[in-house]
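J.: could you look at this predicted model? Sequence included:
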Amino acid sequence: MKYIIEKDDENVRLDRYLRKKLTTTPLTEIFKALRIGKIKVNNKKKKENYRLVEGDKLFIGLDVPEEEIIFMKLQDKDKEFLKKGIVFENEDLIIFNKKKDVVMHKGSGFDYGISEMFKSYFKSNDFNFVNRIDKKTSGLVIGSKNKITTRILTEEIRENRIKKKYYILVHGTINKDKFVIENYLKKIEDKVIVTSKNDTEGKIAITYFKVLKRKNNLTLLEGELVTGRTHQLRVQLSNMGHPILGDTRYGNDRERILFLNSFYCKIDKFNIEVKLDLPKGFENKLS
């Protein structure tokens, strides 16, 4: 059996992940398999306390029965919702236009997200989203239909070879037509903060910005991610003094909508390029 570790299982201990997957296998047998190399992560032996990382490739060389997969029962309106949101599809992947307030995965009080819905839609547990955006963020996300494509796309994302751009509406007027923000970010509990280069927990974050329009003491930006850190755009712009309109976490805002939209995706490996128009909500704020 082979698994690609998803974001939701990042930082989970290896032995706990294995107990969840191998429900009929005694723990002593799992530990023995780890010791002798019948279970490997990225083709290497790991101890039971190893913390999993998104994209890790887990191989389980034990003769155990596959668990029966029970898919959600989707109603016709659910199927129509999913079908309508697909803006690109081939035999390997889809690109889906996620609406605001829709969650990507189950957890945090949600029994399911669009990931679980698509697994049922395609009747395949191999379906996985290889990137994710926040619940309040709208726009394009990439879903893989099989393990091979998941492996390829995960590598492309890790090496920053997939180009992603965002429409962003921020408070205030930014006078520079183009600028770059490069700093270091780290996660503290449920928030992300800007830290120093010398902070061992900090990770470099780089974004290219271009001003598209200025009006009503607001600035419409195009942001191109070079790195893909958690809340990268929200933290960088808030730290600059121009929080995103509708950002209640990194700004002081009562807007019901977060004006952050993933509108562009280019995957050279598959010769795919998708671009969305500026959402009407953005246009209304700038009219």
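T.: Perfect, I can see it now. Computed from a prediction, not measured in an experiment: that's the story for all the values here.
J.: for Val41, give me the pLDDT.
T.: On pLDDT, Val41 comes in at 94.
J.: pLDDT on the longest strand along the chain, on average?
T.: Longest strand in the chain by number of residues (criterion: DSSP state E): strand 203-215. Averaged over strand 203-215, pLDDT sits at 97.
J.: quickly run through the sheet partners of it, with directions.
T.: The strands beside strand 203-215 in its sheet (DSSP bridges) come out as strand 178-188 (antiparallel), strand 218-225 (antiparallel).
J.: deepest of the ones you listed, which one?
T.: The highest average neighbour count among the strands paired with strand 203-215, using mean count of other C-beta atoms under 10 Å, belongs to strand 218-225 at a mean of 20. For every residue, glycine as well, the C-beta is placed using N, CA and C.
J.: return the residues in contact with the residue lying closest to Gly241 once chain neighbours are set aside.
T.: Counting by C-beta to C-beta, 6 or more residues apart in numbering, Gly241 lies nearest to Gly172, which is 7.0 Å off, once chain neighbours are set aside. The neighbourhood of Gly172, defined by C-beta atoms under 8 Å, 6 or more residues apart in numbering, consists of 217-219, 241-242.
J.: that older thread, starting at the chain centroid, how far to the longest strand of the chain?
T.: Taking the mean C-alpha point of strand 203-215 and that of its whole chain, the gap between them comes to 19 Å (C-alpha atoms, centre = their mean, to the nearest Å).
J.: ok, and what's touching that strand?
T.: Applying C-beta under 8 Å, 6+ apart, the set of residues contacting strand 203-215 from outside is 167, 173-174, 176-186, 219-227, 229, 232-233, 235-236, 286.
J.: picking up where we left off before, and of the contacts of Gly172, the nearest to Val194?
T.: Minimum distance to Val194 across the contacts of Gly172 is 12.3 Å, recorded for Gly241 (C-beta to C-beta).
J.: for Thr219, see how far away the closest one is.
T.: If you measure Gly241 against Thr219 using C-beta to C-beta, to the nearest Å, the figure is 12 Å.
J.: could you do Lys32 as well?
T.: The gap separating Lys32 from Thr219 is 60 Å, by C-beta to C-beta.
J.: helices along the chain, start to end?
T.: Listed in chain order, the helices found in the chain under DSSP state H are 14-21, 27-36, 76-85, 114-121, 147-158, 232-240, 280-286.
J.: any chance of the ones you listed in a markdown table, with distance to Glu273 and mean neighbour count too?
T.: Output for those, formatted as a markdown table (distance: least, C-beta to C-beta, whole Å; neighbours: other C-beta atoms under 10 Å):
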| stretch | distance to Glu273 | mean neighbour count |
| --- | --- | --- |
| helix 14-21 | 36 | 17 |
| helix 27-36 | 43 | 14 |
| helix 76-85 | 18 | 12 |
| helix 114-121 | 22 | 20 |
| helix 147-158 | 14 | 18 |
| helix 232-240 | 21 | 22 |
| helix 280-286 | 21 | 14 |
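J.: closest one to Leu140 among those helices?
T.: Each of these was scored for nearness to Leu140 using C-beta to C-beta, and the closest is helix 76-85 (10.0 Å).
J.: run the angle between the closest one and helix 114-121 for me.
T.: 110 degrees (axes from the mean of the first three to the mean of the last three C-alpha atoms, to 10 degrees).
J.: which residues are in contact with helix 76-85?
T.: Taking C-beta under 8 Å, 6+ apart as the criterion, the residues outside helix 76-85 that touch it are 74, 96-99, 114, 117-118, 121.
J.: may I see those organised as JSON lines, with distance to Leu278 added?
T.: Listed next are those as JSON lines, based on distance: C-beta to C-beta, whole Å:
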{"residue": "Leu74", "distance to Leu278": "31"}
{"residue": "Phe96", "distance to Leu278": "19"}
{"residue": "Asn97", "distance to Leu278": "13"}
{"residue": "Lys98", "distance to Leu278": "17"}
{"residue": "Lys99", "distance to Leu278": "16"}
{"residue": "Ile114", "distance to Leu278": "23"}
{"residue": "Met117", "distance to Leu278": "27"}
{"residue": "Phe118", "distance to Leu278": "26"}
{"residue": "Tyr121", "distance to Leu278": "29"}
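J.: tell me the two of those residues that are most distant?
T.: Pairwise distances among the contacts of helix 76-85 were taken by C-beta to C-beta; the largest, 18.4 Å, belongs to Leu74 and Asn97.
J.: please say which of these two ends up with more neighbours.
T.: Summary of the neighbour comparison: Leu74 and Asn97, criterion other C-beta atoms under 10 Å, with Asn97 having more neighbours (18 against 15).
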